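Q: generate coordinates for the sequence data below:
(2 chains)
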Amino acid sequence: MSSRVSEGGRTSTSRPPGEPRRVAYLYLLPAFVVYAAFLLYPIGRAVQFSLYDWDGLSVGRWAGLDNYAAILADEGLRAAFGHALVLIGFYAVGPLVIGLALAAILNHAKVRGLGFFRTVVFLPQVIAMVVVAIAWRRVYAPDGTLNSLLGALGLDSLTRGWLGDYAFALPAVGVVGTWFETGLVTVLLLAGMSRIPADLYEAARLDGAGAVREFFAVTLPSVRGEIAVALTLTVIAALRTFDLVYVTTRGGPGTSTSVPSYEVYHRAFGLSQVGSAAAVGVTLTVVIFAISFGINRFADRRVS
Amino acid sequence: MISRAERLANYVILSVFAVFALGPVVVILAAALGPADSGGTAGLANFAAAWEAGRFGTYLRTSLAVSAFVVVVSVVLSIMSGYAFGTMRFRGQAVLFYLFMLGIMMPSEAIAVPLYFDLRSLGLIDTFWSVSLPQVALSVAFGTFWMRAYFRASNRAIVEAARIDGASSWRILWQVLLPPARPAVVTLTVLVFMWTWNEFLIPLIMVTSESLRTAPLGLAFFQGQYTSGFTLLAAGSVIVATPVVLFYLFLQRHFVRGLLQGAVRE
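A: Sure, this is the predicted structure:
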């Protein structure tokens, strides 16, 4: 017994914690059963469905990779993935640029009321997306807040029904994404910047670096890890957009705001094209994995 | 070091962003407390009217039941699986852990569609289980990741000491490791509660009967049916959002920490 203890003490520093224990499987079993039945098995079924031409009722017809080929060929599906790319600009790139600027300012000048500011900008993260969508429908409505503001500024020529406009509906949905992701990104970057040692800034200043050079030479490289996390979170959120589109536009007007997640739902339950829906779902999953893997690889390589 | 002008500029920038973040929230709150759609009652009475017209009592009850079930089951299962991954070594550990990690990034639409058709042929569609069990599976993926990270960092010496005293692995988990793990468990609990309460797609697909509609789903239906004004819709929105916002205001630390530390699920 005593020899095992000393051995355990030594291994815990040099190897991953824990000792070989069969009982581990018993602890894993309940979680794994639910996980396998309601997540792993459905993924397998999604792959299987995606290889068939199936309306959800009659017997499916083997379609091979036709449903996947359609994603490249079908203009509507190609457009949906294109719209998701536009949303990445609004959900990820916009908040990152704004968040970097805000966090740099906040970190540089120790302003009062930072706690309150953090509470406020983070709030959109916890509000149900259906509620967010209803609020923004109101903002964008023909007689809504945005048009009232424009009218008050004497810009009546710019007013329109934003969500019903072919050109403006997608950017309007995107701005909602910018709205709820910016707080998350800012708080994340702020946490990273507060960990930068002060002597790095001292050294930069002694070298005669101005605020801008200091930002690019010291701040930006130090928060590379936080940037990677922020991009992963926001890009995935952009690609998964469903509730927002469902409540605000249902993909319209026309198909100008259709996105992959909405296509999965719409094809399965609106158009009875279950095979095609599954293929879009599988493709979306693969794209999400590839992007988050890519972002993290990129961040790791740059660090080492 | 910092000039007055710079300080002023910083406050202006902060205020602009605070206003941008709060704007839509204020729009909803103001509308909910504004004049009634029919022109009659106003103020707090709007909430009572919305509660009545939108049948939010039923929806909130369903949401509460689903959230309670998903939170309790997935937190308990995650503590156990996180304990195994974090403190023990066993064959297939790496592969099993990667399998669990798949679920963190998995978009729920990819699994909800096949689940719908399989549960339908089993006759389980439109039940409490069809709404809650898929959400347990999604939450267990993140929960396992979260609790494993905690247990890996926990004090090995205490565990070894308890083992020498003859404590079983079961007692070590619940009586030695878990009491100091309270902050980690609270964070996991509030995140799972928020995700479950706010979840929209899974109830939308799995539920047809009105009695099983969750609060966000009921609100979306109310929005589709109720077209005679915005006041009651705004009041209904406030009712649906309030429970999570209240939790957030009291346990803000946990929300921020959890969402920042790699919580990819929505």
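Q: please name the nearest non-neighbouring residue to residue B:154.
A: Leaving aside its sequence neighbours, residue B:154 sits nearest to residue B:177 (C-beta to C-beta, 6 or more residues apart in numbering or on different chains; 5.9 Å). The C-beta positions use only the backbone N, C-alpha and C, and glycine is treated the same way.
Q: an error on my part: the question was meant for residue A:90.
A: Here the nearest residue to residue A:90 in space, its sequence neighbours aside, is residue A:174; by C-beta to C-beta, 6+ apart that works out to 2.9 Å.
Q: quick one: average pLDDT of the helix or strand that neighbour falls within?
A: Here residue A:174 is covered by helix A:169-193, with elements defined by DSSP states H and E. Rounded to a whole number, the mean pLDDT of helix A:169-193 is 93.
Q: report all helices and strands that it contacts.
A: Under the contact criterion of 3 or more C-beta pairs under 8 Å, 6 or more residues apart in numbering or on different chains; DSSP states H and E, helix A:169-193 touches helix A:75-88, helix A:94-108, helix A:114-122, helix A:129-140, helix A:224-239, helix A:243-248, helix B:4-33, helix B:252-260.
Q: out of those helices, flag the one nearest residue B:215.
A: Nearest to residue B:215 among these is helix A:129-140; the distance by C-beta to C-beta comes to 8.6 Å.
Q: give me the buried positions along the helix or strand following that closest one.
A: Heading C-terminal from helix A:129-140, the first helix or strand you meet, by DSSP H and E, is helix A:145-152. By neighbour count, and taking 16 or more other C-beta atoms under 10 Å in any protein chain shown as the criterion, the buried residues in helix A:145-152 are A:145-147.
Q: mind putting these into TSV with pLDDT and distance to chain B?
A: Conversion of those to TSV gives the following (pLDDT from 0 to 100; distance: C-beta to the nearest C-beta, whole Å):
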residue	pLDDT	distance to chain B
A:145	90	5
A:146	92	10
A:147	91	13
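Q: can you tell me which of the residues you listed is nearest residue A:285?
A: Of all the buried residues of helix A:145-152, residue A:146 has the smallest distance to residue A:285: 35.3 Å, by C-beta to C-beta.
Q: any idea how far residue A:41 is from the closest one?
A: Applying C-beta to C-beta, to the nearest Å, the value for residue A:146 to residue A:41 is 46 Å.
Q: repeat for residue A:219
A: The span separating residue A:219 from residue A:41 equals 46 Å under the rule C-beta to C-beta.
Q: got it, and residue B:111?
A: As it turns out, when the distance is counted by C-beta to C-beta, residue B:111 lies 9 Å from residue A:41.
Q: confidence-wise, which helix or strand of chain A is lowest on average?
A: Comparing helices and strands within chain A by mean pLDDT, DSSP states H and E singles out helix A:2-14 as the least confident, with a mean of 37.
Q: could you check the pLDDT of the residue of the stretch 201-304 of chain A at minimum distance from chain B?
A: Going by C-beta to the nearest C-beta, chain B is nearest to residue A:281 of the stretch 201-304 of chain A, at 3.7 Å. At residue A:281, the predicted lDDT confidence score is 95.
Q: sticking with it, tell me its helix or strand.
A: Counting by DSSP H and E, residue A:281 is found in helix A:274-303.
Q: for that helix, which helices and strands make contact with it?
A: Using 3+ C-beta pairs under 8 Å, 6+ apart, the elements in contact with helix A:274-303 are helix A:41-50, strand A:52-53, helix A:66-73, helix A:75-88, helix A:224-239, helix A:260-265, helix B:93-105, helix B:108-121.
Q: just name the most buried of these.
A: Highest mean neighbour count among the helices and strands packed on helix A:274-303 (mean count of other C-beta atoms under 10 Å in any protein chain shown): helix A:260-265, with a mean of 27.
Q: that helix near chain B at all?
A: Yes. Helix A:260-265 is in contact with chain B by C-beta under 8 Å from any C-beta of the partner chain, via A:261, A:264-265.
Q: run through who's touching that helix.
A: A:76-77, A:80-81, A:84, A:239-242, A:245-246, A:250-251, A:277-278, A:280-281, A:283-284, B:107, B:109-110, B:113, B:201, B:204-205 (C-beta atoms under 8 Å, 6 or more residues apart in numbering or on different chains).
Q: any idea how many residues pack against residue B:160?
A: Neighbour count for residue B:160, taken as other C-beta atoms under 10 Å in any protein chain shown: 18.
Q: doesn't it belong to a helix?
A: Yes. Residue assignment for residue B:160, taken from DSSP: H, G, I helix; E, B strand; the rest coil, places it within a helix.
Q: what separates it from chain A, distance-wise?
A: Summarising the geometry, the distance separating residue B:160 from chain A, computed by C-beta to the nearest C-beta, to the nearest Å, is 6 Å.
Q: so where's the chain shaky on pLDDT?
A: No chain was given, so I picked chain A. Within chain A, the stretches with pLDDT under 70 are A:1-20, A:300-304.
Q: you answered for a different chain; I wanted chain B.
A: Within chain B, the ranges that satisfy pLDDT under 70 run B:1-2, B:39-41, B:262-266.
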